[in-house]
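One predicted model, sequence on top.
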Amino acid sequence: MSAALQIDPARTAVLSMDCQNGIVSIYTKGDKDDFVVRAASVLNHARASRMTVIHVKVGFRPGLPEVSSRNQLFGAVKASPQHQSLFQEPLGNIHPGLAPTEDEVVITKHRVSAFAGTDLAMILRANDISTLVLFGIATSGVVLSTLLEASDADFRVAVIKDCCADLDADLHEALLAKLFPLRATVLSAADFIQLVHD
């Protein structure tokens, strides 16, 4: 854990990303209960510390008018009713163990990054947020894309490593060990909780 990361709760947002029922089930497999407990502990400590908590989910209108067939990833979703069911109720709902409270912002995105085509940047500016704490699924998807965009926008960024998951374990580990530390502080859920209490 980097000693350089200092968290001002009033200027920090925790982003819980793509933690939807179907995605959590597919990506966390045997670790699902532990994953949800760790992620919930991060959210609860953020709330207790009066940080901003933002939930990001993937979702589409009927017929997926937001998706181009040229988009290799989401074009495949548009072509498959089975894949689309992942983003519709009940599979598309945020996991109940990580559900937003009534005053927390929920952002629905149609691309990989939490910033792409959403009002996330405006919400962060409006709340004078300078530090982002990220976790979610997948490490090589929303976490990577959002981290890179946040870093380029001069946010201070942290990633909760044991609240991220990916189907490719080697890629997951490589990102957390090699790429993410170049642009963010990488820490565990326990590290984050300790940092918030210090």
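Yep, it's here. None of these values were measured; they are calculated from a predicted model.

Could you use CA atoms for every contact and neighbour count after this?
OK.

SS state for Pro65?
At Pro65 the chain is in coil, as set by DSSP: H, G, I helix; E, B strand; the rest coil.

Please report how far it lies from Ile23.
Per CA to CA, to the nearest Å, Pro65 is found 22 Å from Ile23.

Please apply the same query to Ile193.
Separation of Ile193 from Ile23 (CA to CA) stands at 25 Å.

before we move on, back to that, of Pro65 and Ile23, which one has the most company?
Legend: neighbour count by other CA atoms under 10 Å for Pro65 and Ile23, higher for Ile23 (23 against 10).

Quick one: mean pLDDT for the helix or strand harbouring the more buried one?
Taking DSSP states H and E as the criterion, Ile23 maps to helix 21-28. The average pLDDT within helix 21-28 is 96.

my guess is Gly22 contacts Gly92, does it?
Yes - look at Gly22 against Gly92 with CA atoms under 8 Å: they come within range, at 6.4 Å.

which neighbours do those two share?
Residues touching both Gly22 and Gly92 (CA atoms under 8 Å, 6 or more residues apart in numbering): Leu86.

tell me the contacts of Leu86?
In this structure, Leu86 makes contact with Gly22, Ile23, Gly92, judged by CA under 8 Å, 6+ apart.

remind me which residues of the chain are low pLDDT?
Residue ranges of the chain with pLDDT under 70: 1-4, 198.

could you point out the longest helix in it?
helix 32-48 (DSSP state H).

For that helix, could you pull out the residues that count as buried?
Residues of helix 32-48 classed as buried: Phe35, Val36, Arg38, Ala39, Ala40, Ser41, Val42, Leu43, Asn44, His45, Ala46, Arg47 (neighbour count, 16 or more other CA atoms under 10 Å).

Then stretch 175-190?
Leu175, Leu176, Phe180, Pro181, Arg183, Ala184, Thr185, Val186, Leu187, Ser188, Ala189.

After the longest strand seen in the chain, which helix or strand is next?
Using DSSP state E, we find that the single longest strand of the chain is strand 156-165. Next helix or strand after strand 156-165 toward the C-terminus (DSSP H and E): helix 169-174.

Against which helices or strands is that following helix packed?
For helix 169-174, there is no helix or strand it packs on, judged by 3 or more CA pairs under 8 Å, 6 or more residues apart in numbering; DSSP states H and E.
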